[in-house]
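# Here is my input, please return the structure:
(4 chains, ligands or ions: 4)
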Amino acid sequence: MVEAKNLCMKYGKGKQMALDDVNFFIDRGEFVFFVGSSGAGKSTLLKLIIRELKPSKGALKVFNRDVSRLPRHRLPYLRRNIGMVFQDFRLMEERTVYDNVAFAMIVIGSSRREIRRRVPHVLNLVGLQDKAKAKITDLSGGEQQRAGLARAIANRPAMIIADEPTGNLDPGTALDIMNLLRSINLRGTTVLVATHNREIVDHFKKRVLYLENGKLVGDEQKGIYTNVH
Amino acid sequence: MVEAKNLCMKYGKGKQMALDDVNFFIDRGEFVFFVGSSGAGKSTLLKLIIRELKPSKGALKVFNRDVSRLPRHRLPYLRRNIGMVFQDFRLMEERTVYDNVAFAMIVIGSSRREIRRRVPHVLNLVGLQDKAKAKITDLSGGEQQRAGLARAIANRPAMIIADEPTGNLDPGTALDIMNLLRSINLRGTTVLVATHNREIVDHFKKRVLYLENGKLVGDEQKGIYTNVH
Amino acid sequence: MFISGFIYILGETFKGLYRNRWMCITSTGVVMVTLLMLGLFMVVNLNVRHITETVKEQVEMVVYIEEDADRATLEELGSLIANHREVARVEYVSSEEHMGRLRQQLGGVLEGYDTDLDNPLLASFEVSTEYPEAVVRLADEFETYPGVSAVFYGQGYVENLFEVTRVVQIVGLALMAGLATTAVFLISHTIKLTVMMRKKEITIMKYVGATNWFIRWPFLMEGLLMGFVGAVLPLAIVHYLYRISVEWVAVNELMFINLLPLETVMAELSLYLIPLGIGLGILGSMFSMGRFLRV
Amino acid sequence: MFISGFIYILGETFKGLYRNRWMCITSTGVVMVTLLMLGLFMVVNLNVRHITETVKEQVEMVVYIEEDADRATLEELGSLIANHREVARVEYVSSEEHMGRLRQQLGGVLEGYDTDLDNPLLASFEVSTEYPEAVVRLADEFETYPGVSAVFYGQGYVENLFEVTRVVQIVGLALMAGLATTAVFLISHTIKLTVMMRKKEITIMKYVGATNWFIRWPFLMEGLLMGFVGAVLPLAIVHYLYRISVEWVAVNELMFINLLPLETVMAELSLYLIPLGIGLGILGSMFSMGRFLRV
Ligand SMILES: Nc1ncnc2c1ncn2[C@@H]1O[C@H](COP(=O)(O)OP(=O)(O)OP(=O)(O)O)[C@@H](O)[C@H]1O
Ligand SMILES: Nc1ncnc2c1ncn2[C@@H]1O[C@H](COP(=O)(O)OP(=O)(O)OP(=O)(O)O)[C@@H](O)[C@H]1O
Ligand SMILES: [Mg+2]
Ligand SMILES: [Mg+2]
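Ligands and ions are numbered 1, 2, ... in the order given. Modelled structure (predicted):
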């Protein structure tokens, strides 16, 4: 599903590598945590997967295609197969929660009936059923984060990528959300989560990739957060 | 320092109360955690204190002044005595980390020498000494959060308010940051922190105010996070 | 895809206009004001052209015939002039008619002076040319014809008139070109800023997997509507103002100000302003999106 | 506060201009283009006014004196006219002089006609008035004076001339007012959009405890610079173009196009454009910030 070979990323003309010779292979249907301290390169890695960024060196295959070679007009189709929760949410702020989720479905050409059925369902899954008509700017931090998750899962993508999806959630809600991702994963969806939430990582006992200063310093099945620290 | 009397907050014409008859008193030099699930009203309460919002009912005294009666031209002086870390960071994105922190000091009229001395110092405290010249948009999520904290403490304010200051930080960095806030608190600064970080709350054993659906449902000295859940 | 996509685009167009109504209104305002300016100026310019052309058309030339020219020469000269390619009209004026006109002009001054006996005035052909500018050239040509004593067309004065009208028309055209360029610049700049405001929205759409055209369509429609409204309203205003002007000129019997008819002016204006407004609206929103679509 | 604050403001002004250089450049462009338009139009308008005034100043009136008026009446009439408040110049033209002029005009026609014996022409005063428009009224007044036979000033033609010049000047003023309003709207709209782009920055400053004036100053300075540059450059361009025009008119000896001197025009223009540019720059950025400062 996702395969990195000698993947390197350097921003601009700075000398520091955000990602330094990273190699890994993630299979279809896996559930993987990316952990590492602040600035380790987790978001950079996830942004490379959806081709928000282009790697400076090395190869990155997503769905068996080298994303750095993907022509620009194919990008939308790559992204439609990936549901992404961004660390900074990236919701259309002047629109309602409903509109934000519906937009992702309109983009892939869902029918109006399908949208009217599916959007309330996913909002219910993340606990935002009462906030459907609220503008994004009128939501609390955690509510925005969950709206982002609702958008990511709306299209039943082949892969879900979540960057710090519980940073603004209380432990209870966070666990609910992660359980939701696990149940989606159990139905065959690949799930990649970058997180700092030790409780969550330790509780789920899934594969963990450890990043440190842009280097991949560990890759464990049933890993726990505290391994590195 | 901060005193709420029958404090109510309702957004727009919605029927739901974001804060519902909240009463508490926080003394000078206290260290207080605000906890509660997503959407409980924590950010709303903190925003009321810096008068980003006006309460719909009740009184809120900050520094012994009723903030809802504060004339607009006095607002800057209220805010200069409060260092605030926002949940959505609110950094000037096109500027460097250094400029963002320096701006807060220029505003209160610090001398250029003072600024040149102090800014590197606080950046060092939050671990951003290497990122001083980086634009905010070029920072990772956790780095932005720490930049916000650096700005908040730069002026040695009488009170520091931090809304979810560790949501994007790994447990190690989060603990460092909270230790920093505690040491500042030990020197007499009042510190209010809204957080979901159970580890942190449990570890610090400070006063905890529990919010639930806009209501204050608990207020414990040496509280722990799990009290409510 | 098609149905929900199409409904989406229509819906988004109007939602977008509503959500950003303040911005859209002022931007449409800029389009309107600029095109109104351009329109008013075009009206003035069209009429100035028209008036100068009218003035020039009044230029005539008088071919004086030699006193001793015989009948054959006269007739040959007459047909030579009348059949000339560039001559529109010819009229023969005898020396008696000339004297009659002079008497009329001078009133009582020539009383008691028997002009029938000794008329010093020459007979002439009064010639109108197809194009006013041809007068100067034709005068030179006719002067060489047999039987011609002299040709007058207001030498000096007419050349000056031609020069003035030429200058007036060139200045008018230059100002018009400048104004049109300005309009294009102002409108596209405004739409660019309007789109830039929504830059974040556009990039987010891209990250969710929207194709460029899917994002563009609502913006194009918005641009089209803004451009259309921004062009039609000035037309209406110009129509109103011009009708009033024409009526005012008629009422005040300023016959010497010969305004073009309302329909001609409006037809000409619509021909330029509506495509300009719509084209700029569409192109403006399309090009200014470019940068944000490359993510 | 003062020193670091002042240095901060200066620094911020230039940093802000640099950081938002693309936006500032195009916005300054809008100011420039709009003021250039206004400037060019003002030049044209000033000259049209000047030319029409020149034309009007050539209007004179001729007061014909009754044939049987005696010397006393004549002298009294002369001093009455000469001392009239609105009369600028008077010249007495005897009937002999009139006949001399007529002979010159008609050439050989009056040969053999002994005008010294029986001169039908009247003596007259040729009067220039202080204001051309006074001619009509003065003519009516002078006609009632003793010894006056008739007053001519090109009745009909002169009224038309006045009407035309009035219309031309009113249309010019109206277009100018419209253009100025447009300029104000366009520039303030552009600056508003420019400031709106930085709305987030402004509100953040407020949350850190900056006073409104502290935030405003760099924006005001930016607006001032944008307005100043946007006004001075058009002035330079107009100066260049106008100098060329004046030279061209001189070379082509279009003496009848009587252009105003370069200095007069530039002085007039600077008087309006520079304050307009700077004022709009400052006011534009100040007012458009208002909404964001209320947090
Ligand atoms: N501007 C607003 N307009 C309308 N409703 C709002 C607005 N801001 C917040 N709310 C609502 O008020 C409630 C409390 O919001 P608040 O941001 O205080 O929550 P919170 O405790 O900070 O939650 P979180 O932990 O998710 O940040 C939420 O239900 C939210 O949707
Ligand atoms: N656009 C950018 N330009 C330059 N440097 C960048 C940019 N984005 C990130 N970086 C740098 O690259 C490094 C890795 O950033 P990244 O966002 O991947 O970290 P992260 O692991 O997601 O951290 P966090 O947990 O704080 O979100 C950081 O040092 C960051 O400052
Ligand atoms: Mg990150
Ligand atoms: Mg919050």
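# rest of the way, CA atoms for contacts and neighbours
Noted.
# Could you pull out the buried residues of stretch C:191-209?
Buried residues in stretch C:191-209, counted by 16 or more other Cα atoms under 10 Å in any protein chain shown: C:191-199, C:201-209.
# ok, and does that stretch reach over to chain A?
Yes. Residues of stretch C:191-209 are located near chain A by Cα under 8 Å from any Cα of the partner chain, namely C:K200, C:E201, C:I204, C:K206, C:Y207, C:V208, C:G209.
# quick one: contacts of that stretch?
A:52, A:75-80, A:83-84, A:90-93, A:104, A:107-108, C:23-24, C:27, C:212, C:215, C:223, C:281, C:284-285, C:287-289, C:292-293, C:295, D:193-194, D:197 (Cα atoms under 8 Å, 6 or more residues apart in numbering or on different chains).
# Give me the average confidence score over stretch A:189-196.
Averaged over stretch A:189-196, pLDDT sits at 96.
# Give me the residues contacting that stretch.
Contacts of stretch A:189-196 (Cα under 8 Å, 6+ apart): A:27-37, A:42-43, A:157-167, A:181, A:185, B:168-171.
# Please pick the buried ones from the residues you listed.
Here, 16+ other Cα under 10 Å leaves A:29-37, A:42-43, A:157-167, A:181, A:185, B:168-171 buried among the contacts of stretch A:189-196.
# which helices and strands sit right next to the strand or helix carrying A:F33?
Using DSSP states H and E, A:F33 maps to strand A:31-35. Using 3 or more Cα pairs under 8 Å, 6 or more residues apart in numbering or on different chains; DSSP states H and E as the contact test, the elements touching strand A:31-35 are strand A:190-194, strand A:207-212.
# A:I82 reaches A:M159, doesn't it?
Yes. Taking contacts as Cα atoms under 8 Å, A:I82 lies within contact range of A:M159: 4.9 Å.
# Now the common contact residues for those two.
With Cα under 8 Å, 6+ apart, A:I82 and A:M159 have no common neighbours.
# Burial check on A:F86, number of neighbours?
21 (other Cα atoms under 10 Å in any protein chain shown).
# starting at the chain centroid, how far to the helix or strand harbouring C:Y272?
C:Y272 belongs to helix C:262-293 when elements are defined using DSSP H and E. Distance of helix C:262-293 from the chain centroid (Cα atoms, centre = their mean, to the nearest Å) equals 20 Å.
# in what helix or strand does the closest residue to ligand 4 within the stretch 51-200 of chain C lie?
Nearest residue of the stretch 51-200 of chain C to ligand 4, counting by Cα to the ion: C:K200, 22.4 Å away. Secondary structure from DSSP H and E places C:K200 in helix C:199-207.
# try A:I177
According to DSSP H and E, A:I177 maps onto helix A:171-186.
# could you give the angle of that helix to strand A:190-194?
Put simply, helix A:171-186 runs at 150 degrees to strand A:190-194, going by axes from the mean of the first three to the mean of the last three Cα atoms, to 10 degrees.
# Let's see helix A:171-186 as CSV, backbone CA atoms only.
Taking C-alpha atoms only, helix A:171-186 is exported to CSV below (Å, rounded to 0.1, in the frame of the first residue of the first chain):
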residue,chain,number,x,y,z
PRO,A,171,-9.3,10.9,26.7
GLY,A,172,-12.8,9.5,26.5
THR,A,173,-13.7,11.0,23.2
ALA,A,174,-10.2,10.2,21.9
LEU,A,175,-10.7,6.5,22.7
ASP,A,176,-14.1,6.6,21.0
ILE,A,177,-12.5,8.1,17.9
MET,A,178,-9.7,5.6,17.8
ASN,A,179,-12.1,2.7,18.3
LEU,A,180,-14.0,4.0,15.3
LEU,A,181,-10.8,4.0,13.3
ARG,A,182,-10.0,0.5,14.4
SER,A,183,-13.5,-0.7,13.4
ILE,A,184,-13.0,0.9,10.0
ASN,A,185,-9.6,-0.8,9.8
LEU,A,186,-11.2,-4.1,10.6
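# Quick one: check that helix for contact with chain B.
Yes. Applying Cα under 8 Å from any Cα, one finds helix A:171-186 touching chain B at A:P171, A:G172, A:T173.
# where does the last one land on pLDDT?
When you say that, I think you mean A:T173. In this model, A:T173 is scored at 92, pLDDT.
# Got the phi and psi for the residue nearest to C:E60 when sequence neighbours are not counted?
In space, not counting the residues next to it along the chain, C:E60 is nearest to C:S128; the distance is 5.1 Å by Cα to Cα, 6 or more residues apart in numbering or on different chains. Taking degrees, to the nearest 10, you get phi -110, psi 140 for the backbone angles of C:S128.
# How about A:N197?
phi -80, psi 100.
# what about it, how many residues close to it?
A:N197: 22 surrounding residues under other Cα under 10 Å.
# any idea how far ligand 2 is from it?
11 Å (Cα to the nearest ligand atom, to the nearest Å).
# And C:E143, by the same measure?
Separation of C:E143 from ligand 2 (Cα to the nearest ligand atom): 84 Å.
# cool, C:V136 as well?
Separation of C:V136 from ligand 2 (Cα to the nearest ligand atom): 74 Å.
# Check A:I50 too.
Applying Cα to the nearest ligand atom to A:I50 and ligand 2 gives a distance of 14 Å.
# Can you read off the pLDDT for that residue?
The model's pLDDT for A:I50 equals 94.
# need the contact list for the residue lying closest to it once chain neighbours are set aside.
Closest residue to A:I50 apart from its sequence neighbours, by Cα to Cα, 6+ apart: A:R79 at 6.1 Å. By Cα under 8 Å, 6+ apart, the contact list for A:R79 reads A:I50, C:Y207, C:V208, C:G209.
# re the thing from before, how far is the following helix or strand past the helix holding C:K200 from where the chain is centred?
Once helix C:199-207 ends, the next helix or strand along the chain (criterion: DSSP H and E) is helix C:212-251. Relative to its chain's centre, helix C:212-251 lies at 19 Å (Cα atoms, centre = their mean).
# Could you check helix C:212-251 against chain D for contacts?
No. For a cut-off given as Cα under 8 Å from any Cα, helix C:212-251 has no contacts with chain D; the smallest distance is 10.0 Å.
# between that helix and helix C:262-293, how many degrees?
Using the same axes, to 10 degrees: helix C:212-251 against helix C:262-293 is 160 degrees.
# what angle sits between helix C:212-251 and helix C:199-207?
140 degrees.
# how close does the residue nearest to A:S68 when sequence neighbours are not counted get to C:I65?
Leaving aside its chain neighbours, A:S68 sits nearest to A:K54 (5.8 Å; criterion: Cα to Cα, 6+ apart). Using Cα to Cα, to the nearest Å, A:K54 is found at 91 Å from C:I65.
# same deal with C:Y207?
Remark: distance between C:Y207 and C:I65 (Cα to Cα) = 89 Å.
# hey, where'd the helices end up in chain A?
Assigned helices in chain A, in chain order: A:42-49, A:75-80, A:97-107, A:112-125, A:141-154, A:171-186, A:198-204 (criterion: DSSP state H).
# need those in CSV with distance to ligand 1, can you?
Output for these, formatted as CSV (distance: least, Cα to the nearest ligand atom, whole Å):
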stretch, distance to ligand 1
helix A:42-49, 22
helix A:75-80, 27
helix A:97-107, 11
helix A:112-125, 14
helix A:141-154, 3
helix A:171-186, 10
helix A:198-204, 17
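# I'd like those written out as JSON lines, with distance to B:A4 added.
Compiled in JSON lines, these are given as follows (distance: least, Cα to Cα, whole Å):
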{"stretch": "helix A:42-49", "distance to B:A4": "40"}
{"stretch": "helix A:75-80", "distance to B:A4": "48"}
{"stretch": "helix A:97-107", "distance to B:A4": "32"}
{"stretch": "helix A:112-125", "distance to B:A4": "34"}
{"stretch": "helix A:141-154", "distance to B:A4": "23"}
{"stretch": "helix A:171-186", "distance to B:A4": "27"}
{"stretch": "helix A:198-204", "distance to B:A4": "34"}
